[in-house]
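>>> next comes the sequence, and after it the predicted model I'd like to discuss.
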Amino acid sequence: MKSPIQVQLQYSIFIIIAILIVTVIPDYRAGIGISDVTGPIVQVPFLGYANMFQRGTGIHMRQFARAFIIEEDNQRIAFISVDVAMVSDGLRQKVLEDLRKKYGPIYSEQNLIISATHTHSGPGGYMMELLLDISCFGYVHQTFNALRRGIIKAVTYAHESIQEVKIFISSGILLETNINRSPLAYLLNPKAERDEYEYDVDKEMVQLKFIAKHNNTLLGVINWFAVHPTSMNNSNTLVSSDNVGYASILFEKHINKDKLIGQGPFVAAFCSSNLGDVSPNTKGPRCINTGDFCDNIASTCDGRSQQCIAFGPGKNMLESTKIIGERLFKKSLELVDSSESEELLSGLMFAHQYIDMPTQQIDHAFANGSLIKIRGCLPAMGYSFAAGTTDGPAPFDFTQATVSDNSMWSLVRDFIAKPTYDDTICHYPKPIFLPTGKIQAPYRWQPRIVSIQVVIIGHVVIAAVPGEFSTMSGRRLRKVIENTYSGSGSQKSKVIIAGLSNTYTSYIVTREEYDLQRYEGASTIFGPYTLDIYLHLYKNLINSLRAREDYDKGIAPHDISRRLLSFPLPVLYDLPLLGHSFGDCIKQPAHKVRKGDVATAIFVAANPRNNLMLEKTFLTVEKHVDSKWIVVATDANWETTMTWKILVFITGYSQVTIQWHVGKDTPSGTYRIRHYGYSKPFFGNIKPYHGSSKTFKVY
Ligand SMILES: *[C@@H]1O[C@H](CO)[C@@H](O)[C@H](O)[C@H]1NC(C)=O
Ligand SMILES: *[C@@H]1O[C@H](CO)[C@@H](O)[C@H](O)[C@H]1NC(C)=O
Ligand SMILES: *[C@@H]1O[C@H](CO)[C@@H](O)[C@H](O)[C@H]1NC(C)=O
């Protein structure tokens, strides 16, 4: 028998040890935020398919920035996923500039990652790099500012909500959600390497979840699954965050219940990964004229790219977006509930380097032991880049897998900038279509200085990569990092590739895939050894981090924000349709709308570019409850769309058509549709207006 004193003593010692453990092991803290980044929804071409005819006419879903700040022991990292086609160093620098003003040196190049989801249905013109801004008629300040402001806001909300958390990682296999769109290029990888994997695309979704420590509430999730957000094709002109954006909204609505979209507090980010050769159009490409299979190597029908388009899994692009979005959401939810999730216990490290790719020279050992010197080339795009892909073929007569020059186009090219013999050798077998690294007029066309960045949270390594890695490129990078990081005898690491982060350098394929010069190979801009150079760079960076030794941080690219060219016309003026005021409802919805049908209202409108309505909305669907009107949907909802149309150009007349797809599970009752906007008079400032439809019954 122990005496009461002994028990007391044991008990006290136990408590002291517990306190010691708690104070010695630093806890994770995290803050999460979301904010609207939707740019001008009309008139500006979308960025993604590089199709200047794909110009916005309205909105289906809003674009958001989702920010996650993780802290341990006074170290911080910030990870931001943005519903946008890509991000550039120019944008990141301005965001960092604003954050420095606000918070001092807490957030820097070293610890802040901005990763694009890669939706192809948002307005462009914000990249500050000519190759990407050119199809949007140059720089569009409104798009840029919406992104800059929204990203800062998301980080601010995250910064202000930091609290003690537990972080868990889990992963699972998701089938029927992605396919390889350049399978023949993939097949050029060594058989032994391919045999290690079951599929020619990655099927694993990896997810971090954040739980509040004080009451075990689920605060947010970040997950990565390799798939292009190109369920919406290049005929879509309504702003959309595509399949991954829809998955985010589904999950956020699931947890936030009655909150409007984008208003938190729970945030779910569906992020890009090694999606370079990965399509969501799971039925694969077909000739749209005949229904036959396309030519396999070039992806053409009768020698042309335009007819060869990938579809599925739905009947049309909206249904496909919905199906892919739902599958992503369901898997993510399953992972949240998974009992196999592992807690991240401690550790937070980060490192970032600016690398001038064309000057890289590295001794590279092949698997067979032979050693060569490999180098990066000046950025250049091959001919197959101009063909586009089966997710969105380009409107010209180029085809994929082109390995020879075209004499007519090479004349045009030489007129802009002539590649040297050395450039040609460096990029071989890629025939150079655009030597983007050689052209500096009017300003940078493509980056040559890139961001290399890693953050390590517990045993999870996030490698932020400056572009679209192909499936096998991503696998090789993960493997190199795993081997390097676990080499220390620590717990086996889990490596995640955060795609399209910080800098956008188009694609990164393996040396073997490069040989076929499909679209992705033609868009691997630093030449055949681009990936091998990255593998060396990431390995060295991880080694420096592990050894806690200094490394060269590199030199940031020049700020070119003062040299940009911008051609979009300003809004001149708006006038209401004769005999009407702005906001008048000129076509009412039906008195009674059956569940499952569509309610449509048309309003006298002004140009939506007058005010982007950030964190607000161009429309509401409202329900009458206890003599009050409750907003049940905004322009961010899947169920609503708004399409803007100019009626007579010179007069400034325009209208919007608002549609509400009444869900089968919508409660019966009395509803109305409202429209909000700003109009620009001939003289003076823009003014707000709004209008409402008559009430109607949903039954
Ligand atoms: C948990 O705490 C947060 C505040 O940090 C609060 O907003 C939330 O409602 C709480 N959840 C539950 C289930 O009590
Ligand atoms: C886009 O998808 C629609 C179906 O939603 C299809 O009719 C159309 O042909 C596709 N267009 C292109 C250019 O991919
Ligand atoms: C080793 O492999 C590389 C790349 O596959 C090849 O170029 C080289 O010729 C090989 N060397 C030998 C000695 O087989």
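Right, received. Where do you want to start? Ligands and ions are numbered 1, 2, ... in the order given.
>>> residue ranges with poor pLDDT in the chain?
Residue ranges of the chain with pLDDT under 70: 1-7, 9, 13-26, 487-490.
>>> tell me the centre residue of this protein?
What sits nearest the mean C-alpha location of the chain, by Cα atoms, centre = their mean, is Thr117, with 1.3 Å.
>>> where exactly do the helices run in this structure?
4-24, 89-103, 130-133, 141-160, 183-186, 191-194, 242-256, 317-337, 407-416, 421-427, 471-486, 511-514, 519-522, 530-546 (DSSP state H).
>>> now the residue nearest to Val461 when sequence neighbours are not counted: how far from Leu545?
Once flanking residues are discounted, Val461 sits nearest to Val495: 4.7 Å by Cβ to Cβ, 6 or more residues apart in numbering. Where C-beta positions appear, they are placed from N, C-alpha and C, glycine not excepted. Noted for Val495: a distance of 13 Å to Leu545, by Cβ to Cβ, to the nearest Å.
>>> domains of the protein?
Here the domain parsing of the chain from automatic domain parsing is 24-356+447-561, 585-698.
>>> now the end-to-end length of the shortest one.
Right, the one you point to is domain 585-698. 19 Å (Cα to Cα, to the nearest Å).
>>> this protein against ligand 3: which residues are in contact?
Within the chain, the positions near ligand 3 by Cβ under 6 Å from any ligand atom are Phe366, Asn368, Ser370.
>>> go again using 8 Å as the cut-off
For the chain, the residues in contact with ligand 3 (Cβ under 8 Å from any ligand atom) are Phe366, Ala367, Asn368, Gly369, Ser370, Ile372, Arg511.
>>> got a winner among the residues you listed for most neighbours?
Arg511 (20 neighbours; other Cβ atoms under 10 Å).
>>> show me the contacts for that one.
Pro528, Tyr529, Leu531, Asp532 (Cβ atoms under 8 Å, 6 or more residues apart in numbering).
>>> got a list of what the closest residue to the first one other than its chain neighbours touches?
Leaving aside its chain neighbours, Pro528 sits nearest to Tyr514 (4.7 Å; criterion: Cβ to Cβ, 6+ apart). Tyr514 sits next to Pro429, Lys430, Gly521, Thr524, Pro528 when contact means Cβ under 8 Å, 6+ apart.
>>> counting neighbours, what do you get for the residue lying closest to Ala50 once chain neighbours are set aside?
In this structure, Ala50 finds its nearest non-sequential neighbour in Ser135, 4.6 Å apart by Cβ to Cβ, 6+ apart. Residues near Ser135, counting by other Cβ under 10 Å, number 19.
>>> roughly how far does Ser135 sit from ligand 3?
Counting by Cβ to the nearest ligand atom, to the nearest Å, the gap from Ser135 to ligand 3 is 37 Å.
>>> shouldn't that residue be in contact with Pro45?
Yes - counting by Cβ atoms under 8 Å, Pro45 is a contact partner of Ser135 at 5.8 Å.
>>> which neighbours do the two share?
Asn51, Met52, Gly124.
>>> dump these to CSV, plus neighbour count.
Output for the shared contacts of Ser135 and Pro45, formatted as CSV (neighbours: other Cβ atoms under 10 Å):
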residue, neighbour count
Asn51, 19
Met52, 14
Gly124, 29
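>>> out of those residues, flag the one nearest to ligand 3.
Proximity of the shared contacts of Ser135 and Pro45 to ligand 3 (Cβ to the nearest ligand atom) peaks at Asn51, which lies at 37.3 Å.
>>> could you check how far the closest residue to ligand 2 within the chain is from Ile106?
The chain approaches ligand 2 most closely through Asn316 (3.2 Å), counting by Cβ to the nearest ligand atom. To Ile106, Asn316 is 46 Å away according to Cβ to Cβ.
>>> ditto for Ile80
Distance, Ile80 to Ile106, by Cβ to Cβ: 14 Å.
>>> what residues are up against the residue nearest to the centre of the chain?
Thr117 sits in contact with Ser81, Val82, Asp83, Val84, Pro229, Ser241, Asp242, Val244, Gly245, Phe270, Cys271, Ser272, where contact means Cβ under 8 Å, 6+ apart.
>>> out of those residues, name the ones that lie in strands.
Ser81, Val82, Phe270, Cys271 (DSSP state E).
>>> among those, which pair sits farthest apart?
Val82 and Phe270 (11.8 Å; Cβ to Cβ).
>>> which residues in the stretch 501-650 of the chain form strands?
507-508, 585-587, 592-593, 598-605, 619-625, 628-634, 640-648 (DSSP state E, counting those that start in this stretch).
>>> nearest to Ile173, of the ones you listed?
Proximity to Ile173 (Cβ to Cβ) singles out strand 507-508 among these, at 24.5 Å.
>>> packing partners of the closest one?
Strand 507-508 is packed against strand 468-469, helix 519-522, helix 530-546, with contacts defined by 3 or more Cβ pairs under 8 Å, 6 or more residues apart in numbering; DSSP states H and E.
>>> on that earlier part again, more crowded one of Val495 and Leu545?
Val495 (26 against 19).
>>> span of stretch 81-91 from start to end?
OK, stretch 81-91 end separation, Cα to Cα: 14 Å.
>>> show me what contacts the residue nearest to Cys294 when sequence neighbours are not counted?
Spatial nearest neighbour of Cys294, chain neighbours left out: Cys308 (3.7 Å); criterion: Cβ to Cβ, 6+ apart. Neighbouring residues of Cys308 by Cβ under 8 Å, 6+ apart: Pro285, Arg286, Cys287, Ile288, Cys294, Asp295, Ser299, Thr300, Cys301, Thr390, Pro393.
>>> mind redoing it with 6 Å?
Counting by Cβ atoms under 6 Å, 6 or more residues apart in numbering, Cys308 makes contact with Pro285, Cys287, Cys294, Ser299, Thr300, Cys301, Thr390.
>>> ok, so of these, who is nearest ligand 3?
Nearest member of these to ligand 3, counting by Cβ to the nearest ligand atom, is Ser299, at 26.3 Å.
>>> hmm, that closest one is touching Gln400, no?
Yes - using Cβ atoms under 6 Å, Ser299 makes contact with Gln400 at a distance of 5.1 Å.
>>> looking at the two now, which is surrounded by more residues?
Per other Cβ under 10 Å, whichever of Ser299 and Gln400 has more neighbours is Gln400, with 32 against 27.
>>> for the more buried one, what are phi and psi?
phi -70, psi 170 (degrees, to the nearest 10).
>>> kindly provide the distance from it to Arg304.
11 Å.
>>> could you do Tyr519 as well?
Noted for Tyr519: a distance of 15 Å to Arg304, by Cβ to Cβ.
>>> more neighbours: these two, which one.
Using other Cβ under 10 Å as the criterion, Tyr519 and Arg304 rank with Tyr519 on top: 32 against 19.
>>> the more buried one touches Gly382, doesn't it?
No - Tyr519 lies out of contact with Gly382 (Cβ under 6 Å); the separation is 8.9 Å.
>>> buried stuff in stretch 163-175?
Across stretch 163-175, burial judged by 16 or more other Cβ atoms under 10 Å covers Val165, Lys166, Ile167, Phe168, Ile169, Ser170, Ser171, Gly172, Leu174.
>>> show me the contacts for the second one.
Residues in contact with Lys166 (Cβ under 6 Å, 6+ apart) are Ile211, Lys213.
>>> that one bridge partners, please.
Per DSSP bridges, the residues bridged to Lys166 are Ile211.
>>> now for the residues of the chain next to ligand 3: which two are most distant?
Farthest apart among those by Cβ to Cβ are Gly369 and Arg511. That separation is 16.4 Å.
>>> run a quick neighbour tally on Ala212.
14.
>>> same question, the one 4 residues further on
Asn216: 8 surrounding residues under other Cβ under 10 Å.
>>> can you list the residues of the stretch 101-250 of the chain near ligand 2?
Residues of the stretch 101-250 of the chain lying near ligand 2 (Cβ under 8 Å from any ligand atom): Asn233, Asn234, Ser235, Asn236.
>>> and the second one, how far from Ala310?
What that stands for is Asn234. Distance from Asn234 to Ala310, by Cβ to Cβ: 12 Å.
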